[in-house]
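Asker: Got a sequence here, can you model it:
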Amino acid sequence: MILVLLGTFPIEFRRPLAELDRLCAGGVIGEEVIVQSGHTSFRSDHLTLRPFIPPDELLNLYDRARLIISHAGTGSLVTGVRKGKTVIAIPRLLRLGEHIDDHQLEILREFVTRGYVIAWNEADQLEDVLQASTAFVPRPYTSKKQQIIDYLREYIDRA
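Answerer: Numbers count the residues shown, from 1 in each chain. Below is the predicted model:
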């Protein structure tokens, strides 16, 4: 099963759905595709679209998924990476009216540089990205949270 996450930002993000639907219709993708579509309206005979999925159910879908395809939002990416999933991330782009700025390009760049996810950039063919994902081994996620807490404690203690 492929889990697709478009985020909850109140602007439509149809671009990945159109491509996924095309590949499902053409038989390139033959497995179930479940989409948390948020505020994106899209009709498909091939994708299971749900605007919002309760958190517990969504975590269960992450666990069941063979592959995660997500907008390049931090929350969705970190959850997939923490679970050791192969994640393909596609940024919402300002110039296409998919977001209010291009911060998702910066987030994606960091996650790719660290070896956590595969990028699906505007010029990439999804078939090629899917093929690359079969050999991709995500780098295990390591949280820096404790380092930040320790730094802040030291800073406060010195003040």
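Asker: what about the residue sitting nearest the centre point of the chain, helix or strand, and which?
Answerer: The centroid of the chain falls nearest to S70 when counting by Cα atoms, centre = their mean (2.0 Å). Taking DSSP states H and E as the criterion, S70 maps to strand 67-71.
Asker: residues contacting the nearest residue to P140 once chain neighbours are set aside?
Answerer: Distances taken as Cβ to Cβ, 6 or more residues apart in numbering put G84 closest to P140, at 6.9 Å, once the chain neighbours are dropped. Every residue, glycine included, has its C-beta placed from N, CA and C. The contact partners of G84, taken as Cβ atoms under 8 Å, 6 or more residues apart in numbering, are P138, P140, Y141.
Asker: And the first one, how close does it get to G27?
Answerer: Going back to what we said before, that points to P138. Between P138 and G27 the distance is 27 Å, computed by Cβ to Cβ, to the nearest Å.
Asker: Could you do A132 as well?
Answerer: Distance, A132 to G27, by Cβ to Cβ: 20 Å.
Asker: neighbour count winner among the two?
Answerer: Taking neighbours as other Cβ atoms under 10 Å, A132 and G27 compare with A132 leading, 15 against 7.
Asker: count of neighbours near the residue nearest to that one when sequence neighbours are not counted?
Answerer: Counting by Cβ to Cβ, 6+ apart, A132 lies nearest to I118, which is 6.0 Å off, once chain neighbours are set aside. The tally of other residues near I118 (other Cβ under 10 Å) stands at 22.
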